[in-house]
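Participant: quick one, structure for this:
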Amino acid sequence: MAASGPIVLSPTTLLADNPKLHLPSSTDPPSETNPPSQKTWLVFGATGHIGRSLVKAALSHGDNVAAVGRSMENSIQQMQGWHERCLGLLCDVRVRGTVKAAVDACIERFGGLDIVVNCSGYGVIAACEDQDTCDLRSQFDTNFLGTLNIIQLTLPYFRTQSAKRKEGENAGRYLIFSSTSGALGVPGLGPYCATKYATEGLIESMLYEVDAFGIKATLVEPGHVRLDEPTGLDDKTFEGMALDGQDGHKINLKRYGHFFVKKPSAAYDTPTAPAGHAKRVVQWLADKQPTSAVKSAELVWQLGHCRYPPLRLLLGSFAIESVRDRLRSIIEEIEDWKHLHFPVADEGGKRKRSKDADRDGDDDDIKDEDEDMDQGDAGGGDEVAMKEEDEED
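Facilitator: Numbering: from 1, shown residues only. You can find the predicted model right below:
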């Protein structure tokens, strides 16, 4: 099988036109003085716009890639013929057997595995009340349990590699695409946000468990990512990839859609209903999303090769501003309500003086409350003594 046109690969041009498109030096990213070694990528969700751009970025830098499409949406013919260093596969991340088959095929073809990427996922745009059990389970099975399946089926291999690694080397790396919806709630995307919150908690917890093995992980949180890219790294052969099928007919790769819009019920079917916010944003942006998939893919490729990856990588100004505002509001709310904190008692049963109390001038209140507690304790002791006397009488 051969694609109808060659994939245009030119990362040097992209970097030359965007000199700031580099991870900070603190991560020890690949550079002219720190040339990267060839690595093998396993990319789930490779038919999405960010997945496709990432596959191209890795191939253009000389890496090997196993590109995994979703079996429910793509055919094996569509996944083949991308590049001589690209292995096309299919799987359903909800089904562990298909995930394991993809992992085994990648290791068998390239002799190893270095970086696992999960770009798969989708959401349903509708009010929480309007989403039925099928909608909820499908999103959790794909976005959360699918991620868990990938991790559980690749961790044994990475742990095996841990014993063979050299000093300072990583045994394996996970790049898990989350979302700004994993840091803040979005009306119309309640269950989708819940899956991303769950994924973020999973990755953070897992990192504590696997750090000793030299296994790293990063949550990639992109903002609104454009579907169409005008640069040479996103040629049109991918957007409507026409492949020659076995019977000679053309097979078109379906344009990827990340969200499905569900018809709202009457209660939420108004022009200004908050539940329709996500739908209005998608319609308003159309194909004018502010974040470039090609530039994001280049940074994610660097993320796969750097030595000290961050826990989170936010892509685009929308992601940075929205998450920062969310965290600021949380801190402000904590400060507003911190006076309701529960004091910690010392060994003598009295309240410890907190730093906040010293700063806010609450010492007198604490002293008065402690005296009340002392008086109560004394009274309680007298009652016990009187009771004992009565019993003696």
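Participant: which other residues reach stretch 193-208?
Facilitator: 121, 123, 139-140, 142-144, 147-148, 151, 174, 176, 178-179, 181-186, 216-217, 219, 311 (C-beta atoms under 8 Å, 6 or more residues apart in numbering). From N, CA and C alone the C-beta is placed, and that goes for glycine too.
Participant: mind checking how far it is from the chain centre?
Facilitator: Here stretch 193-208 is found 8 Å from its chain centre; the criterion is C-alpha atoms, centre = their mean, to the nearest Å.
Participant: may I see the ChimeraX selection of the buried members of the contacts of stretch 193-208?
Facilitator: Buried subset of the contacts of stretch 193-208, written as a ChimeraX selection, criterion 16 or more other C-beta atoms under 10 Å:
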select :121,123,139,140,142,143,144,147,151,174,176,178,179,181,182,183,184,186,216,217,219
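Participant: please flag which of the contacts of stretch 193-208 sit within helices.
Facilitator: Of the contacts of stretch 193-208, the ones assigned to helices by DSSP state H are 139, 147, 148, 151.
Participant: gap between the third one and residue 32?
Facilitator: Plainly put, residue 148 is 39 Å away from residue 32 if you go by C-beta to C-beta, to the nearest Å.
Participant: kindly report the same for the last one.
Facilitator: Distance from residue 151 to residue 32, counting by C-beta to C-beta: 34 Å.
Participant: all helices of the stretch 101-250 of the chain, in order?
Facilitator: Along the stretch 101-250 of the chain, counting by DSSP state H, counting those that start in this stretch, helices occupy 133-139, 146-162, 190-210, 236-239.
Participant: of all those, which one is nearest residue 84?
Facilitator: Closest to residue 84 of these is helix 236-239 (C-beta to C-beta; 15.4 Å).
Participant: for the record, mean pLDDT for the closest one?
Facilitator: Confidence for helix 236-239, expressed as mean pLDDT, is 42.
Participant: please apply the same query to stretch 320-333.
Facilitator: Averaging pLDDT along stretch 320-333 yields 90.
Participant: could you pull out the strands for the stretch 201-350 of the chain?
Facilitator: With DSSP state E, counting those that start in this stretch as the criterion, the stretch 201-350 of the chain has strands at 215-222, 242-244, 250-252, 259-261, 312-315.
Participant: and the last one, which strands flank it?
Facilitator: Strands flanking strand 312-315 in the sheet, each with its direction: strand 215-222 (parallel) (DSSP bridges).
Participant: what does the pLDDT read for the residue nearest to residue 79 when sequence neighbours are not counted?
Facilitator: Using C-beta to C-beta, 6 or more residues apart in numbering and skipping the chain neighbours, the partner closest in space to residue 79 is residue 88 (3.0 Å). Per-residue confidence (pLDDT) for residue 88: 94.
Participant: I'd assumed residue 88 was in a strand, is it?
Facilitator: Yes. Under DSSP: H, G, I helix; E, B strand; the rest coil, residue 88 sits within a strand.
Participant: coming back round to it: lowest average confidence across the strands of the stretch 201-350 of the chain, which one?
Facilitator: Ranked by mean pLDDT, the strands of the stretch 201-350 of the chain bottom out at strand 242-244, with a mean of 38.
Participant: where in this structure is pLDDT low?
Facilitator: Counting by pLDDT under 70, the chain has low-confidence residues at 1-19, 224-257, 283-291, 343-393.
Participant: quick one, what contacts the closest residue to residue 30 other than its chain neighbours?
Facilitator: Leaving aside its chain neighbours, residue 30 sits nearest to residue 36 (3.8 Å; criterion: C-beta to C-beta, 6+ apart). Taking C-beta under 8 Å, 6+ apart, we find residue 36 in contact with 30, 61, 305.
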